[in-house]
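*Asks:* fold the following and give me the result.
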Amino acid sequence: MGNINKKLWLSPIIEKSALEGFQPCFPPLPKNIRLSPAESLPAWLFYLPGFFWWVCLAIYYRSWTLPCLVNPSISLGGMVNETKSSIYEQFQTTPLKQYVPIFCRLHNDGLNKQKLQQAVKDTGLKFPMIAKPDIGCKGFGVKLLTDMDMLIDYARDYPHDEYFLICEFADYPEEIGIFYVRSPETGAFRVPSLTLKYPFLLSGDGTQTIRELLHKNAATKRLLSRCEMRYGKMLDDVLPEDSYFRATAVGSHTSGTIFRDGEALIDDALVAQIDRLTQDIPNFYYGRIDIKCRSLDDFKQGKNFKIIEFNGAGAEMTHIWDPEGSLWRAWIGIFLQISLLFKIGHQVRRQQTYKKPSSLSLWRAFRAESKRNRIYTVSS
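*Replies:* Just a heads-up that it's a prediction; the model follows:
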């Protein structure tokens, strides 16, 4: 199964026969992929009802920044501008260490080939590997690197004097996003959302170019500009009938990955496994863990998986981006996660002596992260 996954990620053109048995536990995708209802609206309009709900709860709980207390071990609770390396480092002292990819934090202060080669050697990393910003979200700046030349190019294009990570590539076919919450007072645990992530695969017909196929509907056309930056003139090649074009290697819906609501697959075994994992994380009560596994069944049994990302207070229930979902269900998800943020933040405030950040500091953190996202290189 691991070799099947490498064929998928290391080349944008994949023979259809190479994907037999890929993602064995996932339900099949519908034949025609469309934009999700949430993506059909401008972002500001989609999030506007959530903003008003945030205002209502801030008045009720008498704090705008209460949600930043939900994970006291992370800066601003993981709401914004937190470093991925600080979270990974917390895992190193827990049993979760075996499930976290090997990583190295690099300061882009004039990195050259020799320094990069030494960093790779010291950490024991091997190509392919993932490079990503230490501070970032939604897949901005994430790239799959297959050789040292790509790593050198990444460091050259990366913002000067900023930090980035190089991480072990998790060679598993199934990727899931598991949203969880735990009560700081009672320890009660629940998994309100499970997202299944499918790579975007464009099927060839032997007559049309990749560019022409991408133009066919809104869901694929939105990827055109990103694909032009990644693949250039390759888009003008005719895609063979027996092949797929893989648009992205990054598990982000903004990069083209297809998100499906996996609520029907949440069972006692899945909840118990996530409960066991998160018990080893101190003072983490709210977030989403992104996992790659050989199969969902293997993950439930606690084997053959890697934690590739931990998202704190800023995490979304990503099932809201399901193309087959409804706008109303997406808004319910937004309302629920904001309600949980304030409820858990209130419990932490009542139970422990943590100081809330000021509204100004939170606004500055949002501005800083937004500025970084605009200058990161295009995701692979």
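*Asks:* can you map out the helices along this protein?
*Replies:* Taking DSSP state H, the helices of the chain run over residues 2-9, 43-61, 84-91, 113-123, 148-157, 210-214, 218-221, 224-231, 268-279, 296-300, 327-351, 359-375.
*Asks:* reformat these as TSV; add mean neighbour count and distance to Ser252.
*Replies:* (Each C-beta comes from the backbone N, C-alpha and C, glycine too.) Formatted as TSV, the helices of the chain follow (neighbours: other Cβ atoms under 10 Å; distance: least, Cβ to Cβ, whole Å):
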stretch	mean neighbour count	distance to Ser252
helix 2-9	16	14
helix 43-61	13	14
helix 84-91	18	14
helix 113-123	13	25
helix 148-157	16	17
helix 210-214	19	18
helix 218-221	15	15
helix 224-231	16	11
helix 268-279	16	21
helix 296-300	19	20
helix 327-351	18	17
helix 359-375	14	12
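*Asks:* of all those helices, which one comes closest to Phe103?
*Replies:* Phe103 lies closest, by Cβ to Cβ, to one member of those: helix 84-91, at 5.7 Å.
*Asks:* can you list contacts of the closest one?
*Replies:* When contacts are defined by Cβ atoms under 8 Å, 6 or more residues apart in numbering, helix 84-91 is touched by residues 73-75, 78, 97, 100, 103, 105, 132-136, 163, 165, 281-282, 307, 309-310, 312.
*Asks:* so for Leu239, which of the helices of the chain sits nearest?
*Replies:* It is, among the helices of the chain and with distance given as Cβ to Cβ, helix 210-214, at 5.2 Å.
*Asks:* off-centre distance for that closest one?
*Replies:* Here helix 210-214 is found 26 Å from its chain centre; the criterion is Cα atoms, centre = their mean, to the nearest Å.
*Asks:* what is it packed up against?
*Replies:* Other helices and strands packing on helix 210-214, by 3 or more Cβ pairs under 8 Å, 6 or more residues apart in numbering; DSSP states H and E, are strand 201-203, helix 218-221, helix 224-231.
*Asks:* repeat the analysis, applying 10 Å as the threshold.
*Replies:* strand 201-203, helix 218-221, helix 224-231, strand 243-246 (3 or more Cβ pairs under 10 Å, 6 or more residues apart in numbering; DSSP states H and E).
*Asks:* low-confidence ranges in the stretch 101-250 of the chain?
*Replies:* For the stretch 101-250 of the chain, the stretches flagged by pLDDT under 70 are 249.
*Asks:* need the helices and strands packed on helix 210-214 in TSV (columns: distance to Leu277).
*Replies:* Output for the helices and strands packed on helix 210-214, formatted as TSV (distance: least, Cβ to Cβ, whole Å):
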stretch	distance to Leu277
strand 201-203	30
helix 218-221	33
helix 224-231	33
strand 243-246	30
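*Asks:* mind checking which of the ones you listed is nearest Ile338?
*Replies:* Distance to Ile338, taken as Cβ to Cβ, is lowest for helix 218-221 among the helices and strands packed on helix 210-214, at 27.4 Å.
*Asks:* now for that closest one, which elements pack on it?
*Replies:* Packing contacts for helix 218-221, counted by 3+ Cβ pairs under 10 Å, 6+ apart, involve helix 210-214.
*Asks:* that older thread, now the helices of the chain as TSV including distance to Leu194?
*Replies:* What follows is the helices of the chain, written out as TSV (distance: least, Cβ to Cβ, whole Å):
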stretch	distance to Leu194
helix 2-9	21
helix 43-61	21
helix 84-91	21
helix 113-123	32
helix 148-157	32
helix 210-214	29
helix 218-221	22
helix 224-231	27
helix 268-279	7
helix 296-300	9
helix 327-351	12
helix 359-375	26
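*Asks:* least reliable of these by average pLDDT, please.
*Replies:* Lowest mean pLDDT within the helices of the chain: helix 2-9, a mean of 55.
*Asks:* circling back to that earlier point, of all the helices and strands packed on helix 210-214, which one is nearest Asn373?
*Replies:* helix 224-231 (14.3 Å).
*Asks:* how far does that closest one sit from its chain's centre?
*Replies:* Centroid displacement of helix 224-231 relative to its chain, using Cα atoms, centre = their mean, is 20 Å.
*Asks:* who touches that helix?
*Replies:* Contacts with helix 224-231, where a contact means Cβ atoms under 10 Å, 6 or more residues apart in numbering, come from 12-13, 143, 200, 202, 210-211, 214-215, 220, 223, 234-235, 237, 245, 247-249, 254-256, 377-380.
*Asks:* repeat for stretch 293-302
*Replies:* 1-2, 5, 23-26, 99, 170-176, 178, 194, 196, 262, 265, 267-274, 276-277, 291-292, 303-306.
*Asks:* distance of Lys16 from Leu239?
*Replies:* Taking Cβ to Cβ, to the nearest Å as the measure, Lys16 falls 11 Å from Leu239.
*Asks:* need the residues touching each of these two.
*Replies:* In terms of Cβ under 10 Å, 6+ apart, Lys16 and Leu239 are both contacted by the residues Ser203, Gly204.
*Asks:* between those two, who's got more neighbours?
*Replies:* Using other Cβ atoms under 10 Å as the criterion, Lys16 and Leu239 rank with Leu239 on top: 23 against 14.
*Asks:* in contact with that one, which residues?
*Replies:* 13, 202-213, 245.
*Asks:* in PyMOL, how would I select the buried members of those?
*Replies:* Here is the PyMOL command that selects the buried residues among the contacts of Leu239 (16 or more other Cβ atoms under 10 Å):
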select buried, resi 202+204+210+211+213+245
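*Asks:* return the member of the contacts of Leu239 nearest to Ser339.
*Replies:* Proximity of these to Ser339 (Cβ to Cβ) peaks at Leu202, which lies at 38.5 Å.
*Asks:* and that closest one, what does it touch?
*Replies:* Counting by Cβ under 10 Å, 6+ apart, Leu202 makes contact with 12, 33, 210, 213-214, 216, 220, 223, 227, 239, 243-247, 256.
*Asks:* since that was my last question, I'll sign off now.
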